[in-house]
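A.B. asks: Here you go, sequence then predicted model.
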Amino acid sequence: MELPDLKAWIAGNPGLAIGAAALLFVLIYLLARLIFGRGLLYIAARTKNKYDDIVVKKLRPFRAAWLASFIIAYTFAYLAPEVQTIIQKVALFFILWLSALTLIGLLDAFNEIYERTPSYTGVSIQGYLDIAKILIYLVSIILSISIITGESPLLLLGGLGALTAVLLLVFQDTIMAFVASIQISTQNLVREGDWLEVPSFEANGTVTNMSLYAIKIQNGDKTISVIPTNKIMGTAYKNWRGMKESGGRRIMRSFSLDQNAVKFCTPEMIKRYGKIDLIKEYIASRQVLVNDYKNKRAPLDSPLDGPQITNVEIFRAYIEAYLKNHPQIYSEKMDLIVRELAPTSTGLPVELIVFTKTINWNEYERIQAEIIDHLLAAARFFDLRLFQDPAGSDFASALRTR
């Protein structure tokens, strides 16, 4: 059947023509679904590369298969002159939005592939891709209006210029979020995978996703906190990334000694402490200095004449030696400090500041507890007492001794 005869048949049998067109439309979709949709799924399922699985998942090939039907409908719309314009407008409308959604799906696939690459460092590009999606939606809306009204897109864009103030008000949050995303990215402030602590939002956990509008944080209790991207720039927060990159986590703990237990070491105490391997050399060197002074200035009338060694000094030396010999503590690469704080009504605080060789939370807590437990138990071997508020058992013991 030649083209003029086909047009005449369509004009004479409009009902049959519509039915035949609908059947052809469905057949073309099924064929595209079989070849394009199932074909991509078949190929992706049989490759070792996981990136093509992501592309197929985000592309949604069964939805994209509708493009073939609408393209055929638009191409052969002239065969029905009476409804040609309507068919072409409807076909163009669906072609436009199917293409836009397919392109947005590809952007999502690109972002997921980027975040799964071995070289991914946590620098998110989702904010920029979100801007691209917004532009795609805006262009699609403008072109949709142009298709329906028949007006030029440029004319519509000219009309939007007069609504600039309204658009700025409507997209105020988007613009602020975009500016914040650029600042975060250029200054490398926050990345996916960072441990972020934001007290004002009660957030304390790992950044799992960064988009144009929000930063998602999975807290330690597995809840999710969502912080607007533009708000993070005006909020005080702590990023623990530096700790992770350094490879060490700080222990900063103190305990209080009873000040009444502080005293000068007697020869018997020095002899007993000198048997401790970790501080044997230290005690010997300090004893040499004390003896030299005494030999030069003898006789000494008082223990306060000349240098003396206290049990707290020896204990601090022991703590430092113990920490330097601990296999899980940095002794040179990072700070290792043992110091006394100002005496208070609750005793003499001794503080230690060291860094563990692991950043694993569980291991860190174990090492910290092990060190503090050991030092608390070791204090009595230096004739020292720990200070703590009296408990009920202390009062009961005091009453029994009366």
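C.D. replies: All right, it came through fine. Numbers count the residues shown, from 1 in each chain.

A.B. asks: Roughly how far does residue 63 sit from residue 99?
C.D. replies: Applying CB to CB, to the nearest Å, the value for residue 63 to residue 99 is 11 Å. To be clear about C-beta, it is placed using only N, CA and C from the backbone, and glycine gets the same treatment.

A.B. asks: The stretch 301-402 of the chain: strands as residue ranges?
C.D. replies: Per DSSP state E, counting those that start in this stretch, the stretch 301-402 of the chain carries strands over the ranges 337-340, 348-356.

A.B. asks: Quick one: these as CSV, columns for distance to residue 283 too.
C.D. replies: Conversion of these to CSV gives the following (distance: least, CB to CB, whole Å):
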stretch, distance to residue 283
strand 337-340, 16
strand 348-356, 19
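
A.B. asks: pLDDT value on residue 304, please?
C.D. replies: Looking at residue 304, its pLDDT is 71.

A.B. asks: How many neighbouring residues does it have?
C.D. replies: Around residue 304 there are 8 other residues, counting by other CB atoms under 10 Å.

A.B. asks: now do residue 187
C.D. replies: With other CB under 10 Å as criterion, residue 187 counts 9.

A.B. asks: how near is it to residue 232?
C.D. replies: Residue 187 is 12 Å from residue 232, where distance means CB to CB.

A.B. asks: swap in residue 241?
C.D. replies: 14 Å.

A.B. asks: Comparing these two, which residue is more hemmed in?
C.D. replies: More neighbours surround residue 232 than the other of residue 241 and residue 232, with 22 against 18 (other CB under 10 Å).

A.B. asks: give the contact list for that one.
C.D. replies: The contact partners of residue 232, by CB atoms under 8 Å, 6 or more residues apart in numbering, come to 180, 184, 190, 198, 215.

A.B. asks: if we go to 7 Å?
C.D. replies: Residues counted as contacts of residue 232 (CB atoms under 7 Å, 6 or more residues apart in numbering) are 180, 190, 215.

A.B. asks: what mean pLDDT does the longest helix along the chain have?
C.D. replies: For the chain, the helix with the greatest residue count under DSSP state H is helix 84-116. Averaged across helix 84-116, the pLDDT comes to 84.

A.B. asks: From the contact counts, what lies against that helix?
C.D. replies: Packing contacts for helix 84-116, counted by 3 or more CB pairs under 7 Å, 6 or more residues apart in numbering; DSSP states H and E, involve helix 51-59, helix 61-64, helix 66-75, helix 126-149.

A.B. asks: For the second one, give me every contacting residue.
C.D. replies: Spelled out, it's helix 61-64. Taking CB under 7 Å, 6+ apart as the rule, helix 61-64 contacts 33, 36, 37, 40, 41, 98, 102.

A.B. asks: now could you export just the CA positions of that helix as PDB?
C.D. replies: This file holds the C-alpha atoms of helix 61-64, laid out as PDB (Å, rounded to 0.1, in the frame of the first residue of the first chain):
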ATOM      1  CA  PRO A  61      16.100   0.500  30.800                       C
ATOM      2  CA  PHE A  62      12.500  -0.700  30.800                       C
ATOM      3  CA  ARG A  63      11.400   2.900  31.400                       C
ATOM      4  CA  ALA A  64      13.800   4.100  28.700                       C
END
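
A.B. asks: List the buried residues in that helix.
C.D. replies: Neighbour-count burial for helix 61-64, counted by 16 or more other CB atoms under 10 Å, picks out 61, 64.

A.B. asks: what's the distance between that helix and the middle of its chain?
C.D. replies: Centroid displacement of helix 61-64 relative to its chain, using CA atoms, centre = their mean, to the nearest Å, is 34 Å.

A.B. asks: What are the buried residues along stretch 199-219?
C.D. replies: Across stretch 199-219, burial judged by 16+ other CB under 10 Å covers 201, 203-205, 207, 210-217.

A.B. asks: Next: stretch 260-278.
C.D. replies: 261, 262, 265, 269, 270, 273, 274, 276.

A.B. asks: quick revisit: could I get the contacts of helix 61-64 as CSV with secondary structure and distance to residue 339?
C.D. replies: Below are those laid out as CSV (DSSP: H, G, I helix; E, B strand; the rest coil; distance: CB to CB, whole Å):
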residue, secondary structure, distance to residue 339
33, helix, 74
36, helix, 71
37, helix, 70
40, helix, 66
41, helix, 66
98, helix, 69
102, helix, 64
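
A.B. asks: Many thanks, we can stop here.
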